[in-house]
Each structure stands twice: as structure tokens, then as C-alpha cells.
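A.B. asks: Here is a sequence together with a model predicted from it:
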Amino acid sequence: MPSFVFLPGAAGSPVILHVPHSGREIPAAVRAGIVLDDAALERELDHITDSHTAEIAEEAGRLAGAAPWRFVNRLSRLVVDPERFPDEREEMRAVGMGAVYTRTTHREVLRPEETDPEPLVARYFRPYARAMTDAVAERLAAVGRAVIIDVHSYPTEPLPYELHGHGPRPPVCLGTDGFHTPPALLAAARKAFGEVGEVGLDSPFSGAYVPLAQYGRDPRVSALMVEIRRDTYMTEPGGPAGPGLTRLAAALATLVDAATG
């Protein structure tokens, strides 16, 4: 099974719904390098996984007027985190959560500190990055622009790994980038998710994912991160989804329609 999938949308849609943290799958060879026992690993997956975000994106795709493209990570972020910088630019390295995690959400040991991240980066991170770069380039070639909407979730209460967990935790947090988030996209997101509840900005998480080949270089690539507080649609930490999922998917579909233009 491929570690990620790029699902086609409408030919004229510039929108890519990016879902990087919804998976729980860990290949056996990768599991062997994780020191947690099975029960502890399941608890960690409950905390670290953006559960049901792939379903939110899928439902939004069905509801949107023009189906967005969807790029979905099928593996857990405990394999690699495709949204981290792979080098010293990544601030989460300070808590052992760079591209390859060595610590858990509770700052406990996940992998030995001496773990060499390169094999996992080579096997999983770089192919993912290349594929996402190609997906964006394809949309640019087809329609002249690309809009990446990152679909995430976060826990109601801050976890020990969070570097900025002291700020507001609204039902929906919009993460922005100074170069890649245009005011019109942000305004459309505020309006769409305003139907769900309070919409905050860049707290507790900020930024928006753009492949490094286009990051800070190509203004035709727009990006916005949508962080959904988990109590709005599921039982925490890793339980089932509830009726809030449909409401959030509808709001996301409204944003997709606005971004499609």
C-alpha cells in the first residue's frame, strides 16, 4: 500500500485538501524502532493522530460544488511528519519532534536519542515531499494557481509537547503564512467556519504548509491551515466521530467553493 495517496478532483479546481496527520498505520519495520509497548503506543496514537480529518476532507469533497483534489497521508506521523522542516529550521526539534520524532506528546522517549533519522527521511519524507510538490505543480500548470488547505485537529486541553499551548484554543484555529495566505482566503475561511463557532488565528498553532520548492517563492500558491478542536466533532482522545463532523465538513466545503472561485 502506498504511504500516501493523491485523489483527483475537478479538472478546473485549484484546491488541494492536504490531510497529513489522520493515519495510524505504522509499518512493522518502523514499529521495531519505537520503544513503547503496544498499549502505550495505542495511547500515543490516540493523542497524536488528527482522527477523522480524512473523513472530514472526503465529505467536504462530496459537498463542494467542484470537487477539490485531496492529498492524504496513509501512515501515522510517528513514521515521519511530512509537515516538519527536515533541518535546523524546525522549532519542534527542541522537544524531539522534528521530521522523525524521538519523543512523545508527553515528552517521553519514543525512539532512542541516537536514532539516525536519515533512513526514515529517505524512505518516507522525501518521496512524500516530491509527490506534494508535483501535485501543486500540476495544479499550477492546469489552472494557473494552487490553493492548499491543510486539514488538522487539536486536543481541547494542551499536551506537554506544545510549544505555544498557553494561548487561546477556539473551536477552529486558522494558521496563516505571511507570504502564502492572501486576505481573501482568510476572510472566506473566517466566514465559512463562523457557522461552527468562534474562529481564532494562529493559536494554538500557526503557519500553513507549502512544499519547499514553492515556499516563499511562488505567489500563485496560496495556503491556509484549518485546525479543528477535537471536542467539536469527536470523543477525545481517540474515540469515535459525532454529528459535528458533518457540520465541519459542510463548512470546509463552503471554503473550498470560495477558494475555487
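C.D. replies: Looks like it came in fine. Residues are numbered from 1 along each chain as shown.
A.B. asks: how much space is there between the residue lying farthest from the centre of the chain and residue 33?
C.D. replies: Distance from the centre of the chain peaks at residue 114, with 27.3 Å (C-alpha atoms, centre = their mean). Going from residue 114 to residue 33 by C-beta to C-beta, to the nearest Å gives 11 Å. Just so you know, the C-beta spots here come from the backbone N, C-alpha and C atoms, and that holds for glycine as well.
A.B. asks: For the residue nearest to residue 231 when sequence neighbours are not counted, give me its contacts.
C.D. replies: Nearest non-adjacent residue to residue 231, counting by C-beta to C-beta, 6 or more residues apart in numbering: residue 156, 4.5 Å away. Listed by C-beta atoms under 8 Å, 6 or more residues apart in numbering, the contact set of residue 156 reads 169, 229-231, 236.
A.B. asks: export those to TSV and tack on distance to residue 63 and secondary structure?
C.D. replies: Listed next are the contacts of residue 156 as TSV, based on distance: C-beta to C-beta, whole Å; DSSP: H, G, I helix; E, B strand; the rest coil:
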residue	distance to residue 63	secondary structure
169	27	coil
229	21	strand
230	21	helix
231	23	helix
236	25	coil
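A.B. asks: Secondary structure class of residue 131, three-state.
C.D. replies: helix (DSSP: H, G, I helix; E, B strand; the rest coil).
A.B. asks: count of residues packed around it?
C.D. replies: Residue 131 has 18 neighbours, counted by other C-beta atoms under 10 Å.
A.B. asks: show me the contacts for it.
C.D. replies: When contacts are counted by C-beta under 8 Å, 6+ apart, residue 131 touches 4, 6, 71.
A.B. asks: One more pass at 7 Å, please.
C.D. replies: Taking C-beta atoms under 7 Å, 6 or more residues apart in numbering as the criterion, residue 131 is in contact with 4, 6.
A.B. asks: one step back: and the residue farthest from the centre of the chain, its phi and psi?
C.D. replies: Dihedral pair for residue 114: phi -80, psi 0, per degrees, to the nearest 10.
A.B. asks: Same check on the one 4 residues further on?
C.D. replies: As for residue 118, its main-chain torsions (degrees, to the nearest 10) stand at phi -60, psi -40.
A.B. asks: Residue 124 versus that one, what's the distance?
C.D. replies: Using C-beta to C-beta, residue 118 is found at 11 Å from residue 124.
A.B. asks: and what of residue 72?
C.D. replies: According to C-beta to C-beta, residue 72 and residue 124 sit 14 Å apart.
A.B. asks: Same question for residue 259.
C.D. replies: Computed as C-beta to C-beta, the residue 259 to residue 124 distance reads 29 Å.
A.B. asks: Tell me which of the two has more neighbours.
C.D. replies: residue 259 (25 against 22).
A.B. asks: Can I take it that the more buried one is in a helix?
C.D. replies: Yes. Assigned with three-state DSSP, residue 259 falls within a helix.
A.B. asks: Without its sequence neighbours, what residue ends up closest to it?
C.D. replies: Counting by C-beta to C-beta, 6+ apart, residue 147 is the residue found nearest to residue 259 once chain neighbours are left out, at 4.5 Å.
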